[in-house]
Structure formats: structure tokens, C-alpha cells
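1. Make a model of this:
(one chain, ligands or ions: 1)
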Amino acid sequence: MESILEGARERPGGDERIDVDPRSLPAALERAEADGRVPVIAEVKPTSPTAEGTREADPVDLAEAMVDGGAAAISVLTEPSHFGGTPDALRRVREAVDVPVLRKDFLLREAHLDVVEADLVLVIARFVDDLEGLVSAARERGFQPLVEVHDRGELEAALEAGAEIIGVNNRDLARLEVDLATFESVAPHVPEDVTLIAESGISSPADVRRMRAAGADALLVGSAIMDHGADDEVDVAANTRRLTTVERRPETETETQTTHDESENA
Ligand SMILES: O=C(O)c1ccccc1NCC(=O)[C@H](O)[C@H](O)COP(=O)(O)O
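-> All right, here's what the predicted structure looks like:
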């Protein structure tokens, strides 16, 4: 984690202030609910420190397949060194799709906001010194800030900073371990009027049901959709659809299987 943060500290920001006309995330989540889709924010994540490989596919093709699979919004990694992302990939994806697009990166200061337009930006509570300042700076530019927390202390900080969209990350960024019980322990303390997102480690229909039962308004899913470990061409639309259609299907005993398990058993 330290090398990711070191890279983020050294990365320059933009020199010109960005001004965005954003697509609303809450409205996109409502549209998904209205037509019976689980609201999923599908993540274009070429690789990561915990991924088994790298997906070289064009980010635009991936994002379009995700929308085809029913994704309510798209998240695009723009961190270059550990996640294989670029701001240009996000710019191209946002031009190609009509759903809200989240910039997923390790943004530490105001100038980092001025790199590329997006509908939402991720602000990670534990890494930002002036959380309220960065949340306000994001809003002044038109971005919807998604403030990420991992425990109740960070949740309090996010609420004090004025967060209206909060993500609870099931991945402990200190140890990189994932535990879905994290969301279950933090969610009951999140006020009703906050848009609440469960992040990381959601890979099976059973995980989707579990996070929704715990109060998630939306789910942020990367690895299970990108399926980095699979050898062949991955069907990103099918991987997305498998999660977005969960609430249209009756619960079954095999729902705990991840995408990879299922394709091995097919
Ligand atoms: O995903 C990682 O390996 C990772 C490592 C270090 C810091 C952050 C990391 N992930 C960031 C994320 O929050 C996830 O990309 C996102 O929540 C999706 O998670 P998943 O569905 O488990 O890929």
C-alpha cells in the first residue's frame, strides 16, 4: 500500500480547474431498481496488487459490455502503476457510455481532481488529511464525491465532511484482506439519506444478496467481472448480468460459486 501512496503523492495534478456537468448516480441507481436490476457499479480494473493477471482489453469495450450486462454505473481505475489505469481510458469510457462514471484513484489533494472529467470521484477517508476540504473542492467542480470508509471512525469523519455518497470497503487497505462482515458492521450506522455502496470482494450471487440484505443501495464490483485469473476471453457482459439479475431469480444452493468456479464446472 505504501508504494501506491508514494506514487500518488508524487503524481502531479492538472493545471486547469475542471468543471463537470455530472450524470447523477442516485438517479442511475433508481433507474436500475425500477427495472429490476441490482444496482451494480462495474469496475474497469485492468489489474491490481491482488489480481491474478492483467486484462489487456480495450477499456471502452469492457465498459460497453458492462452496460450491456445491466451495470448502473461504471468505475474506471486511473492509477497507472499498480492498477494499469489511465485518465485517458476514463475519458474515452465516459464518451462512449451514458451512465455515470466514477474515477477510481488515490486522490490526495485538490490538484489531483483537475486531471480528467468524471461524474464521481473516489475520496478515501483514511488517506486524505483535509477530508472536508477535498470533498468541497470536488463538489465545487461538479463531481459527486464518493467517500470510502472501512470502519466506524472513518464513517464519522466522512459524515462530518458532508459526504452524501459513502462506500464501505470490505478490503482492509492495510492488509489487503477482504471480509464482507465489514460492510455488515458499518452499514447500520449510516444515516438513511446517504447513498450507501458496498465495495470489494463481492463475487457470487450469494454475496450480492448478503450485501443487499445488509442495506447496500449499490455494489461496486471489479474482480468478479474482470475475472483476471481466467485464461480465455472473458465474457464481461455475462459476468455483469449474473450479478445484476440476482433479484429476478429465486435463491439456489449453488449461489456461493464465483464466476471462475462456475466456468470450471460448466
Ligand atoms: O483491489 C486491490 O487489489 C486493491 C489493492 C490495494 C488497494 C486497493 C485495492 N482495490 C481497490 C478497490 O477498492 C477495488 O478495486 C473495488 O472495490 C472493487 O473490488 P473487487 O470487486 O474486490 O475487485
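
2. And Thr245, how close does it get to Asp35?
-> 11 Å (CB to CB, to the nearest Å). C-betas here are computed from N, CA, C, even on glycine.

3. So these two - more neighbours on which side?
-> For Thr245 and Asp35, the more surrounded residue by other CB atoms under 10 Å is Thr245, and the numbers stand at 16 against 8.

4. interface residues of the stretch 101-250 of the chain facing the ligand?
-> Residues of the stretch 101-250 of the chain lying close to the ligand by CB under 6 Å from any ligand atom are 169, 171, 173, 176, 199-202, 220-224.

5. which of those residues count as buried?
-> 169, 171, 173, 199-202, 220-224 (16 or more other CB atoms under 10 Å).

6. Okay, Arg249 and Gly215: tell me how far apart.
-> Noted for Arg249: a distance of 21 Å to Gly215, by CB to CB.

7. Looking at these two now, which is surrounded by more residues?
-> Neighbour totals were compared for Arg249 and Gly215, and Gly215 leads with 16 against 10 (other CB under 10 Å).

8. any idea how far that one is from the ligand?
-> As judged by CB to the nearest ligand atom, to the nearest Å, Gly215 and the ligand stand 17 Å apart.

9. can you pull the pLDDT of the closest residue to that residue other than its chain neighbours?
-> Spatially, and ignoring its direct neighbours in sequence, Gly215 is nearest to Ala187 (4.4 Å; CB to CB, 6 or more residues apart in numbering). Per-residue pLDDT puts Ala187 at 98.

10. tell me the strands in the protein, going along the chain?
-> 40-44, 73-77, 101-104, 120-124, 144-149, 165-169, 171-172, 177-178, 195-199, 218-221 (DSSP state E).

11. Quick one: residues contacting the spatially most central residue of the chain.
-> A centroid search over the chain (CA atoms, centre = their mean) returns Leu220, at 4.1 Å, as the residue closest to the centre. Contacts for Leu220 were tallied using CB atoms under 8 Å, 6 or more residues apart in numbering; they are 40-41, 43, 75, 167, 197-200, 202.

12. do Arg141 as well
-> By CB under 8 Å, 6+ apart, Arg141 lies in contact with 17-20, 113-114.

13. ditto for Glu251
-> Neighbour list for Glu251: 205, 209 [criterion: CB under 8 Å, 6+ apart].

14. go with 7 Å
-> Listed by CB atoms under 7 Å, 6 or more residues apart in numbering, the contact set of Glu251 reads Arg209.

15. Repeat that for Ala111.
-> Contacts for Ala111 were tallied using CB under 7 Å, 6+ apart; they are 13-14.

16. now it: how far from the ligand?
-> Note on Ala111: its distance to the ligand, by CB to the nearest ligand atom, is 22 Å.

17. so what's that residue scoring on pLDDT?
-> For Ala111, the model assigns a pLDDT of 96.

18. if we can go back for a sec, so what's the residue nearest to the centre of the chain bridging to?
-> Going by DSSP bridges, Leu220 is paired in beta bridges with Ile41, Glu199.

19. from here on, count from 44
-> In the new count, where the first residue is 44, that last one comes out as Leu263.

20. was I right about His193 contacting Thr225?
-> Yes. In this structure, His193 sits in contact with Thr225. The criterion is CB atoms under 7 Å, and the distance is 6.5 Å.

21. one step back: how much space between the residue nearest to the centre of the chain and Pro55?
-> Shown here: Leu263 relative to Pro55, a distance of 27 Å by CB to CB.

22. Quick check: Gly128 vs Glu191, distance?
-> Here the criterion is CB to CB. By it, Gly128 lies 16 Å from Glu191.

23. Comparing the two, which shows the higher neighbour count?
-> For the pair Gly128 and Glu191, the greater number of neighbours falls to Glu191 (27 against 23), based on other CB under 10 Å.
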